[in-house]
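Peer 1: Have a look at this prediction, sequence included:
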Amino acid sequence: MDINVGNVHLRNWIVNTAGVRKHGTTSEAPLHLFSEIEKVRLQPLPTQPFQLLEIRPVKVHPDCHVVIDGSFYSVLYRYIGQELAAYISTNFVEIYKGQDLVSTHPRSTRPGQWHTRMEDYPAAKAAYLTRTPDYCKKLGAKIGPSTYNVVEQLLADRPLDRLRSVQAILKLEESVGSKRLEAACTRAAYFGDVRYRQIKLILNAALDREPLPEAQPSQPALSHAFARSGEEFFGRSS
């Protein structure tokens, strides 16, 4: 039978038989139910046709991202190490775990782009990422000038390497308060050692409550342990 002829017979059966007889579950005629209730609730079709370009497996890496065509899309951290399915369309990337939608992001326009939601990270990791160098400087200035100078000094050289140390110093405010942290930073800077370890030692020993010596040390404690003067190598010039 030709498909067009089959469709005509099927339509006739729906309209004149199946659509008008009482349904075993609803106890109503399906066409009547559709006309009275369902039809008015139908939403218009999208103006743009849906285009599903590809479905591919993706693995969630330890940084909470999957990689698709050279770009990075974040997924909730509890899926780290798992294989999920990425539904890739023209404008969006949807990531599924079985039938459950895990994450949705706009699709990158070029490789190397990052699409990250901070809520996908564990709380501690998210706090680290949001406390940028600029944020730390502003928080340090809010605590006091000595704290700001410590932050500024540490971040002046290799800021990304020292960011965790700066964050740890600023976090001390939560346990000792801004006044004690400011005093500890003042003392650490006075002796030339503004590392986290030294500031923590000052607070643990309550040295932040002690007055500073009248005479400033002649040589900072942060000087290089193996540094030597030129005279030790070449002697005094005559």
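Peer 2: Thanks, I have it. Numbers count the residues shown, from 1 in each chain.

Peer 1: Quick check: which ranges of the protein have low pLDDT?
Peer 2: Scanning the chain for pLDDT under 70 picks out 1, 160, 215-238.

Peer 1: the helices in the protein, which residues?
Peer 2: Across the chain, reading from the start of the chain, the helices by DSSP state H fall at 3-13, 30-33, 123-130, 133-143, 145-155, 159-171, 173-176, 178-190, 196-204, 230-234.

Peer 1: Show me the domain layout of the protein.
Peer 2: 52-120, 131-209 (automatic domain parsing).

Peer 1: Quick one, which of these gets closest to Pro44.
Peer 2: Proximity to Pro44 (CB to CB) singles out domain 52-120 among the domains of the chain, at 19.4 Å. No exception for glycine: its C-beta is placed from N, CA and C like everyone else's.

Peer 1: State the distance from the residue nearest the centre of the chain to Ile68.
Peer 2: By CA atoms, centre = their mean, the mean C-alpha position of the chain lies nearest to Met118, the distance being 3.2 Å. Using CB to CB, to the nearest Å, one obtains 20 Å as the distance from Met118 to Ile68.

Peer 1: cool, and Ser146?
Peer 2: Going from Ser146 to Ile68 by CB to CB gives 47 Å.

Peer 1: Next: Gln167.
Peer 2: The gap separating Gln167 from Ile68 is 31 Å, by CB to CB.

Peer 1: got it, and Leu10?
Peer 2: Between Leu10 and Ile68 the computed distance is 42 Å (CB to CB).

Peer 1: Which of these two has more residues huddled nearby?
Peer 2: Ile68 (20 against 11; other CB atoms under 10 Å).

Peer 1: Please look at the more buried one and Ser89 and confirm they touch.
Peer 2: No - contact between Ile68 and Ser89 fails when scored by CB atoms under 8 Å: they sit 11.8 Å apart.

Peer 1: residues near the residue lying closest to the residue nearest to the centre of the chain once chain neighbours are set aside, how many?
Peer 2: Of all residues not flanking Met118 in the chain, Ala126 sits nearest, at 4.6 Å (CB to CB, 6 or more residues apart in numbering). Close neighbours of Ala126, defined as other CB under 10 Å, add up to 17.

Peer 1: Gln99 now?
Peer 2: By other CB under 10 Å, 6 other residues sit near Gln99.

Peer 1: Could you do the one 5 residues further on as well?
Peer 2: Residue neighbour count, defined by other CB under 10 Å, stands at 13 for Thr104.

Peer 1: contacting residues for it?
Peer 2: 92-95 (CB atoms under 8 Å, 6 or more residues apart in numbering).

Peer 1: likewise Pro159?
Peer 2: Pro159 neighbours (CB under 8 Å, 6+ apart): Pro133.

Peer 1: How about the one 4 residues further on?
Peer 2: Leu163 is in contact with 131-133, 136, 155, counting by CB under 8 Å, 6+ apart.

Peer 1: ok, now with 10 Å
Peer 2: By CB atoms under 10 Å, 6 or more residues apart in numbering, the contact list for Leu163 reads 128, 131-133, 136, 154-155.

Peer 1: can you check Lys39 too?
Peer 2: For Lys39, the contact set (CB under 10 Å, 6+ apart) comprises Leu33.

Peer 1: returning to what we had before: any chance of TSV for the domains of the chain, columns distance to His23?
Peer 2: Listed next are the domains of the chain as TSV, based on distance: least, CB to CB, whole Å:
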stretch	distance to His23
domain 52-120	28
domain 131-209	61
